[in-house]
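# below is the sequence, then the predicted model.
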Amino acid sequence: MGIDRLRQVDTRSDPTKSGVAEWLQASQVIEGVSDIITVADAAGRFQLVNSAACDALGYSREELLTLSIPDILDPLEWPRFSARKKSNRKSNIFETWLSKKKDGTTFFAEVSVTVAGNGFIIDVR
């Protein structure tokens, strides 16, 4: 399954509404990648995270799924995130962001954001 098929999965909806097979397939693709990948809804709340995200950010999967994108950004990045969210850009965005781990330490990450339907797919490399 390519990234185009993954973009078709509605990340806001319950997996049973978008199709269990597609949701499971997307989850397996994301889990098998060594890059940090998170899927968030339009409000920025995480809907799906891979193990690489959990390991790099220091959270359990359950913890990450209670957070939103600003929770893993340094507070200095919040205004920029807010501006990007309001812009409703439908194209790919590739930028460097100051990310924040659970323990409060920060690191720079090259982030590729693709708007996919009602949510974002964020690939942190």
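That came through, no problem. Residues are numbered from 1 along each chain as shown.
# what helix or strand does the residue positioned nearest the centre of the chain sit in?
In the chain, the C-alpha nearest the mean C-alpha coordinate belongs to T38, at 2.6 Å (Cα atoms, centre = their mean). Using DSSP states H and E, T38 falls within strand 36-41.
# again, but for K102
With DSSP H and E as criterion, K102 is part of no helix or strand.
# tell me how many other residues surround it.
Number of residues near K102 (other Cβ atoms under 10 Å) recorded here: 15. The C-beta positions use only the backbone N, C-alpha and C, and glycine is treated the same way.
# ok, now which ones touch it?
Contacts for K102 were tallied using Cβ atoms under 8 Å, 6 or more residues apart in numbering; they are L57, G58, Y59, E63.
# also I122?
I122 touches I37, T38, V39, A40, I69, V111, S112, V113, counting by Cβ under 8 Å, 6+ apart.
# rerun at 7 Å
Taking Cβ atoms under 7 Å, 6 or more residues apart in numbering, we find I122 in contact with T38, A40, V111, V113.
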